[in-house]
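Colleague: sequence plus the predicted model coming up.
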Amino acid sequence: MASVQPKIKSKVRCVDGEIGEIVHVIADPISLEVSHIVVRANGTQRQVPVATIAAVRDDSVELLCNAAQVAGFPEHKPEDFLTSKQVEIPHLENRIHVEPGDLLVPFPVLEKSCARRNFFAGFIHVIGALIGLPLVWPVLRFIMKPMYAPYDNRWIKIGNVSKIKTEDVGVQFIFKKSFTDSVLQREEDKNHWVIKATPETLKKVYPHGDISFTDEKGEVIWVNKQTVPYVAFAGKCPHLGCGFKWRSHKTRGQVFLCPCHLSIYDAAGTVLDGPAPRPLDVLPIKVSAAGVIEIIDVEYKAGKKELVRIA
Amino acid sequence: MNALLQKVYDFVDERIDLKTLEAKMMKEPIKGGSRWAYVFGSVLLFIFIMQAVTGVLLMFYYIPSADHAYASTQFIIHEVDYGWFILSYHFWGSSAMVVMVFAHMSQVFLWGAYKTPREMIWLIGLGLFGIVMAFGFTGYLLPWDQRAYWATTVGVEIMDKTPVVGDFLARFLKGGPTPGQMTLSRFFVIHVMILPGALMGLAGLHLFLFRSAGPAGPFRGTPEELKAKTDFFFPRQVWKDIVAMAAVFLTICSLALIEPVVLLEEAKPDPGDYHPEPEWYFLFLFQLLRWKAFSGEFGQFVAATAIPGAFMLLLAALPFLDRSPERNIFKRPIALLSWAVVMIGILVLTVSAIINREFLD
Amino acid sequence: MAYPATAISSIKLAWALSWAAFWTGFPFKAIVALLLLAAQIHPWEGTGLVALLALSVPIDIWALGLTARTFFLERMGMEIRGSVGAGLWWQGAFLGAVMLWIAYYAVGATAAVCKKAAAATLDVVKKVIPIPVAEQITIELLMWAVPATIVVIVLLLIWLKLFGWRIKRFVVASGQTSSADLQERVREWDDWRVPVDSTLMLVSFTAVAVLLTVAFWVLLPVTTTHRHPDYPPPQTEVVKKKVKPEELLKKTDATLAKAEAVLELLEKEKAKEKKPASPRK
């Protein structure tokens, strides 16, 4: 506890009589002791140093000096002080209790300048924002590196045409695709569907003529000629990427049927029913003289009407 | 714009008493004014945040398996855009953190800010020091190259020699009798989950206790001088903190560019031509263990456990042994001398370890 | 209470100014160094070093001016008219260059002599008491590093004393005592750090910093410059020339035609040779 604890509203008595009352108590932030009391006397507020206090009683304070000397003490300037609630001085309020009202502490002179405060506050925000800035570009590129990876345009052998016995019937070819996945070499089971198409079906697959496939730069890497009877469809349904089957339908005959959301496609890949936004995706296909089927495992974004290649 | 900001401020203030919060957080008068000497604590916090950010980014591509740790680290360096820069920043940031920990501890010691009533802050600070060293030790293994593997193996073997708990501790860290996948998994989880959690918890406590006690302030100056220079934590001290953070950030970036991380070959059980060595901030202990004076089981125990252990205990007991209220370092000759001897000793032993490399071939 | 100009020690004065000025200039020099490094130019040698030193001059002049003026006002109660940084910097730099030159030889010679002495001493000692390698390294290190460090410290103190003496002369010559009390003087130098137009200052600072950051992004190499030998850079793909079948056929036809012509010629020559060579009996 601090040594002197005068109360606000206590009467103040000089050697020659009562002169007024205490309106504020001022503490020294370094010693955590009361340094002055502010006495309202004769209409003015005077800052009386604590050394002048002779005794502190319950409801009054006695001073060592007389009224004339009190009038000689400097006038209290409120703008030079803050209340103890407006600043954080540890343990100050444990040591000094003033009731009712506020304990005052000196307002640091350097902090009075608004221009100074605003400038440094602004400077802090500027530097704070700028510290992170040099990292923004490298970090974005760092995170994004695998996100727009170049397309895999390798030709993959998936099987032989001898497996296809009938025209316009979907035949599934399951194969292992090996690829580099960051630092791992992995193999995945994939499947695509190949049909041997009749000329009418071919017309439906190639309504606008040959289909060309491009790389990221827009250069043509392959053209599927509409004269080649073998058509390869990507094994993922263009609706949301599920694997589909070749099944007999109650009314539509033999169709490609996707079990997830019941999209139905005919042998040419045209949408017969269901939520599919576009026909089955046609893959680049090469058939060798010995009948070996090679495809490029092109993937398009699911759920879109246009073809947006992603892999 | 200002009116809008004021409206937002008033909205939040009505609900959580922002004004009092602001007063308590920011309007802390610092006796003697804000000083550059006080920035090291804040700089440490900044470096930790940067390490956490770069560390999380590295985790996007790092695979903590003995088969892929090396390859994935090389992938970061050679394949990922600016991966070499992020990894090198993380590496040099860890060195910067150790340097700043020594700077911060030295500043607190020299300013006598460990004395009453700040004993608990000092003790928690010692715990934080241990956590920073543990961060460096555990992170070093993760690239799984020869340097990483052997530095860790030797380090854990040294810990094994601690009496009573040594064998348990070594088996716990290795995840078995010999280093392998279990070691890597344990070091990884300790480095990315356990230590960050511990650091954040202890740092929060450290800050809370610091705010409760208030800053110790300068160790000399008349009350008039102290009052004349008093200013608030915000903006002046915060500004100094942030300028120091920017300077440290620039230094770490520069180091990352001057000396980017280059791995040795992948870890294998035979060290071959490679001479195992810990990271630079453990070199002084490493060199001490090479002294013939500490040879033999007892000697190694003295150098590896007894001396460092006694030193840390002495540091922990410091606020309780040193009860003199004098904080001026120039009036505390024993303190100044011991600090100089310790710092120079560490420096001499570190340089000796570097010179010793030539003698190994 | 201000120190009168004569009462303060030269060494303390020069130290206070140089230490503060160095760290004031450091962040700006760090920016220069970082940009040089991003452009893969080493700032410690060649053109990089020249650039760094050249840019350090205005930075140091400004930093020294600011810290000196502050110190003079607060600690010595002196106000200086005219520029401080330029007036003081060249003196410190000149003295520093001289001392560095002396130090290069003095410290080098001390270290060399002490290293030889240490090696010789230890050789003699080892004949009597065996000294293990690790301890020997540390003992030798101390035997040459301590004298060399003492020489460095002595030269540093000499530089500080000389610089401090020049600073005192400068203050006495160009300064006048301030009548303000401590609080007022502190407030005054603190105010110097607040620009007249803070918005302009902050906006231009931000603009420059953003430009420098963009320069950093452009210069920073995307992939590491220190590649591991097991990870060579990827081969750039050879651009395949497009094959034009008609041209190829034409070329082949032309080549065939040429070959046929040559063959005909050879056959004709052979026939000619055979004729005279085989007379009929």
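Modeller: Received, thanks. Numbers count the residues shown, from 1 in each chain, chains lettered A, B, ... in the order given.
Colleague: which stretches of chain C have low pLDDT?
Modeller: For chain C, the stretches with pLDDT under 70 are C:1-6, C:237-243, C:275-281.
Colleague: kindly recompute the last result at 50.
Modeller: Within chain C, the stretches with pLDDT under 50 are C:1, C:281.
Colleague: ok, which stretches of it are strands?
Modeller: C:78-80, C:175-177 (DSSP state E).
Colleague: contacts for the last one next, please.
Modeller: Right, strand C:175-177. By CB atoms under 8 Å, 6 or more residues apart in numbering or on different chains, the surrounding residues in contact with strand C:175-177 are C:5, C:72, C:76, C:77, C:78, C:79, C:80, C:81. Using the backbone N, CA and C atoms, a C-beta is placed for each residue, glycine as well.
Colleague: among those, which one lies nearest to chain B?
Modeller: residue C:77 (13.1 Å; CB to the nearest CB).
Colleague: tell me where the chain has helices.
Modeller: By default, I'm working from chain A. A:67-72, A:92-95, A:114-144, A:199-205 (DSSP state H).
Colleague: that was the other one, I meant chain C.
Modeller: Under DSSP H, chain C gives helices at C:10-38, C:46-76, C:85-128, C:133-174, C:182-192, C:198-219, C:245-277.
Colleague: okay if I get these as a markdown table plus mean neighbour count and distance to residue B:355?
Modeller: Converted to a markdown table, those look like this (neighbours: other CB atoms under 10 Å in any protein chain shown; distance: least, CB to CB, whole Å):
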| stretch | mean neighbour count | distance to residue B:355 |
| --- | --- | --- |
| helix C:10-38 | 19 | 28 |
| helix C:46-76 | 18 | 27 |
| helix C:85-128 | 14 | 12 |
| helix C:133-174 | 17 | 5 |
| helix C:182-192 | 17 | 47 |
| helix C:198-219 | 14 | 37 |
| helix C:245-277 | 10 | 69 |
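Colleague: out of those helices, the one nearest chain A is which?
Modeller: With CB to the nearest CB, the closest approach to chain A among the helices of chain C belongs to helix C:198-219: 4.0 Å.
Colleague: chain center to that closest one, what's the gap?
Modeller: Remark: helix C:198-219 is offset 22 Å from the chain centroid, using CA atoms, centre = their mean, to the nearest Å.
Colleague: other SSEs contacting that helix?
Modeller: helix A:114-144, helix C:10-38 (3 or more CB pairs under 8 Å, 6 or more residues apart in numbering or on different chains; DSSP states H and E).
Colleague: count of neighbours near the residue in the stretch 151-300 of chain A positioned nearest to chain C?
Modeller: Residue nearest to chain C within the stretch 151-300 of chain A: residue A:219 (10.4 Å; CB to the nearest CB). Close neighbours of residue A:219, defined as other CB atoms under 10 Å in any protein chain shown, add up to 7.
Colleague: and if you look at the one 3 residues further on?
Modeller: Look at residue A:222: counted by other CB under 10 Å, it has 17 neighbours.
Colleague: enumerate the residues of the stretch 101-250 of chain B near chain A.
Modeller: For the stretch 101-250 of chain B, the residues in contact with chain A (CB under 8 Å from any CB of the partner chain) are B:211-214, B:223, B:226-232, B:234-236, B:238-239, B:242-243, B:245-246, B:249.
Colleague: okay, and which of the residues you listed map to strands?
Modeller: Those of those lying in strands (DSSP E): B:231, B:232.
Colleague: mind checking which of the residues of the stretch 101-250 of chain B next to chain A are buried?
Modeller: With burial judged by 16 or more other CB atoms under 10 Å in any protein chain shown, the buried subset of those is B:211, B:213-214, B:226-232, B:234-236, B:238-239, B:242-243, B:245-246, B:249.
Colleague: so what are the domain limits for the chain?
Modeller: No chain was given, so I picked chain A. Per the record, chain A has its domains at A:11-111, A:155-296, by automatic domain parsing.
Colleague: wrong one, I was asking about chain C
Modeller: Chain C breaks down into these domains under automatic domain parsing: C:10-219, C:242-275.
Colleague: with distance to residue A:254 added, can I get those in CSV?
Modeller: Shown next, in CSV, are those (distance: least, CB to CB, whole Å):
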stretch, distance to residue A:254
domain C:10-219, 58
domain C:242-275, 41
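Colleague: on that earlier part again, which stretch in the domains of chain A has the least confidence?
Modeller: Among those, domain A:11-111 carries the lowest mean pLDDT, at a mean of 89.
Colleague: does that domain reach chain B?
Modeller: Yes: contact of domain A:11-111 with chain B (CB under 8 Å from any CB) involves A:28-31, A:82, A:85-91, A:105-106, A:108-111.
Colleague: what about chain C: which of these touch it?
Modeller: Near chain C, by the rule CB under 8 Å from any CB, you find A:109, A:110 out of these.
Colleague: just the buried members of the residues of domain A:11-111 next to chain B?
Modeller: The buried subset of the residues of domain A:11-111 next to chain B - by 16+ other CB under 10 Å - is A:28-30, A:82, A:86-89, A:105-106, A:108-111.
Colleague: these two touch, right, residue A:65 and residue A:52?
Modeller: Yes: with contact defined as CB atoms under 8 Å, residue A:65 counts as touching residue A:52 (5.4 Å).
Colleague: let's have the helices of chain C in CSV, adding distance to residue B:39.
Modeller: Listed next are the helices of chain C as CSV, based on distance: least, CB to CB, whole Å:
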stretch, distance to residue B:39
helix C:10-38, 11
helix C:46-76, 17
helix C:85-128, 25
helix C:133-174, 25
helix C:182-192, 18
helix C:198-219, 20
helix C:245-277, 74
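Colleague: ok, which of the ones you listed comes nearest residue A:142?
Modeller: helix C:198-219 (12.7 Å; CB to CB).
Colleague: contacts for that closest one, please.
Modeller: Contacts of helix C:198-219 (CB under 8 Å, 6+ apart): A:115, A:118-119, A:122-123, A:126, A:130, A:133-134, A:137-138, C:31, C:34-35, C:38-40, C:195.
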